[in-house]
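K.L.:
Fold the stuff below for me.
(2 chains, ligands or ions: 2)
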Amino acid sequence: MSLRKAIESKKFIVTTEAGPPKGIDASKMLEEARPLAGRVDAVNVTDLQSAVMKLGSLVSCHLLKEIGIDPVFQITCRDRNRLALQSDILSAAALGIENILVLTGDHPLSGDHPQAKAVFDLDSVQLLEAVSGLKKGKDMTGNKLEGSPKLCVGAVVNPLADPLEPELIKMEKKVAAGAEFFQTQAVYDVRGFEEFMKKAKRFRVPIIAGIILLKSARMATYMNENIAGIHVPDELIKKIDHCDDKPKKSIEIAAGLIDKLKGPSDGVHIMPIGWERYLPQVLDAAGL
Amino acid sequence: MIISKQKGLKEILGFLKGAKKIFLVGCAQCATVCKTGGEDEVNQMEKALKKEGKVITGKAILDPPCHTVKAKQFYQKNKDALSESDGILAMVCGDGAQSIMEGTRGKKVYPALDALFLGMVQRGGHFIQKCVLCGECVIDATAGICPLTVCSKGLLNGPCGGSKNEKCEVDRERDCGWIMIYKRLKELGELDKMKIIRGAKDNSKALHPQKIEG
Ligand code: SF4
Ligand code: SF4
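P.N.:
Ligands and ions are numbered 1, 2, ... in the order given. From the prediction side, this is the model:
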């Protein structure tokens, strides 16, 4: 099912993520994505994630589409000004890509080209507004388009941001600017997520909870110390630390979280962070 | 105020290689406060350059060097010393250095400072950037705090979601600018201002070179 249809049908939405290679050999990304065709509603393609230079999201989306996957073109405000952003969105639509996810983007300082100029000509809310304009057949300065894109437009939210209020204010602006669905930062604290959902329900847009495959105790500690809104509880850290078969345990933990999220969330977005090969097993274990 | 720092002596000697007779110029305003081009620093530079075999043909502290009239007066007063100098070492910001160059009819000017930012003086030696001169001030809506400056990404519509413990994602030592704005707006009872979508900035307002006439 395509993402748009999945959203319309109000089913439990399942999306995952593919990371383009550093280089032009996309065969590994495609091989790992192939078994997902027909099993997930869409696969996001990251846009130079963590500001690391890689094969582009747009081209990778096109390659995924060719093997029968509905891709979500992630587009950040970090590297392109409004001319390039709008143009790439038109390009994506011209290639038949149907979904985009608008993000602010990590600062170049956190990536592998820290000397790069950070663009941020638009922020995520302004980019969402620009996309809404393009969908209505107008560019940002009101010029008419020959053929306008029909896109399913998403945005991101951090459900466990602290403080939460400014995050909710921004979320509301994103909805007003045209966001039709949200994917979230990784959730390990389901109760916290439920609290967030109570507050975010009023926006009446599907919210798809993020799941990051927990690979090791070290990764958990790193995320707890460095990544906003992520808190892996000690109990999960112990579980992944005291086991012989880490992938197996990781799959089990993810399936457990997905199971608990089936109630409060409108779906899950599984981010494998290098463990793409285990995605089919995660889906099996979670009964998806 | 223009905040500056002094270049290392090695770099300065590098571009002064072909110049033996040097006239030193400092600034009575910003560079004095920054202790990068005031009287003391000019005297220290004199000593350091003499040690390296340079001849100092004269010293002057302009008040301020970034005023073309002052730069021209400086030229008239020091014509002779300047004409026998190979160049001027400008211990002033880049703006002042170019004003001196123009005021002295194209004398060779070498920069001794790196101009860093427009900044606020907190106390001796402590400066902080509060405005990036965007050409279209928005701080009416952000509780008097500039989002373009305090937010590492210069966002206009709220936090990027990356702050942890209220610190910025880009620098965990620094407070997240948007959390600061949020808190201050809340204190002022003006949180509604944060809910208004701010349109994209008109970057044509900050094109350079800029000019105001009359
Ligand atoms: S918005 Fe910020 S950068 Fe622009 S003029 Fe105001 S204080 Fe300066
Ligand atoms: S963490 Fe805060 S200050 Fe830093 S880039 Fe994000 S919003 Fe801006």
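K.L.:
Now do the contacts for the residue of chain A found nearest ligand 1.
P.N.:
Residue nearest to ligand 1 within chain A (C-beta to the nearest ligand atom): A:Phe120, separated by 13.6 Å. Using the backbone N, CA and C atoms, a C-beta is placed for each residue, glycine as well. Contacts for A:Phe120 (C-beta atoms under 8 Å, 6 or more residues apart in numbering or on different chains) come out as A:Cys77, A:Arg78, A:Thr104, A:Gly105, B:Lys153, B:Gly154, B:Leu155.
K.L.:
what's the closest non-adjacent residue to the second one?
P.N.:
Right, A:Arg78. Once flanking residues are discounted, A:Arg78 sits nearest to A:Gly105: 3.3 Å by C-beta to C-beta, 6 or more residues apart in numbering or on different chains.
K.L.:
A:Asp123 versus that neighbour, what's the distance?
P.N.:
Separation of A:Gly105 from A:Asp123 (C-beta to C-beta, to the nearest Å): 10 Å.
K.L.:
Find residues that contact each of those two.
P.N.:
Shared contacts of A:Gly105 and A:Asp123, counting by C-beta under 8 Å, 6+ apart, come down to A:Cys77.
K.L.:
Name the helix or strand for B:Leu116, please.
P.N.:
strand B:113-123 (DSSP states H and E).
K.L.:
Please name every helix or strand in contact with the longest helix along chain B.
P.N.:
Longest helix in chain B, counting residues (DSSP state H): helix B:39-51. Helices and strands touching helix B:39-51, by 3 or more C-beta pairs under 8 Å, 6 or more residues apart in numbering or on different chains; DSSP states H and E, are strand B:21-27, strand B:55-62.
K.L.:
Which of these has the highest mean neighbour count?
P.N.:
strand B:21-27 (a mean of 25; mean count of other C-beta atoms under 10 Å in any protein chain shown).
K.L.:
pull the CA atoms of it into PDB?
P.N.:
Provided in PDB are the C-alpha atoms of strand B:21-27 (Å, rounded to 0.1, in the frame of the first residue of the first chain):
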ATOM      1  CA  LYS B  21      59.300  51.000   7.100                       C
ATOM      2  CA  ILE B  22      56.000  50.700   8.800                       C
ATOM      3  CA  PHE B  23      53.500  53.300  10.100                       C
ATOM      4  CA  LEU B  24      51.300  52.000  12.900                       C
ATOM      5  CA  VAL B  25      47.700  53.000  13.200                       C
ATOM      6  CA  GLY B  26      45.300  52.100  16.000                       C
ATOM      7  CA  CYS B  27      41.700  52.900  16.900                       C
END
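K.L.:
Where does pLDDT dip in chain B?
P.N.:
Chain B contains no residues with pLDDT under 70.
K.L.:
repeat that with 90
P.N.:
B:106, B:124, B:204-214 (pLDDT under 90).
K.L.:
And the helices in it?
P.N.:
Going by DSSP H, chain B shows helices at B:9-15, B:30-33, B:39-51, B:68-77, B:79-83, B:94-103, B:147-150, B:177-187, B:192-195.
K.L.:
need the residues of the stretch 51-200 of chain A near chain B, please.
P.N.:
A:77-78, A:82, A:104, A:106-107, A:109-110, A:118, A:120-126, A:129-130, A:140, A:156-158, A:161-163, A:165-167, A:169-170, A:172-173, A:176-177, A:185 (C-beta under 8 Å from any C-beta of the partner chain).
K.L.:
Could you pick out the buried ones from those residues?
P.N.:
A:77-78, A:82, A:104, A:106-107, A:118, A:120-126, A:129-130, A:140, A:156-158, A:161-162, A:166-167, A:169-170, A:172-173, A:176-177, A:185 (16 or more other C-beta atoms under 10 Å in any protein chain shown).
K.L.:
What parts of chain B come near ligand 1?
P.N.:
Taking C-beta under 6 Å from any ligand atom as the contact definition, chain B meets ligand 1 at B:Cys131, B:Val132, B:Leu133, B:Cys134, B:Cys137, B:Val138, B:Ile139, B:Cys146, B:Leu148, B:Thr149.
K.L.:
re the thing from before, ok so the residue nearest to A:Arg78 is a strand residue?
P.N.:
No - applying DSSP: H, G, I helix; E, B strand; the rest coil, one finds A:Gly105 to be coil, outside a strand.
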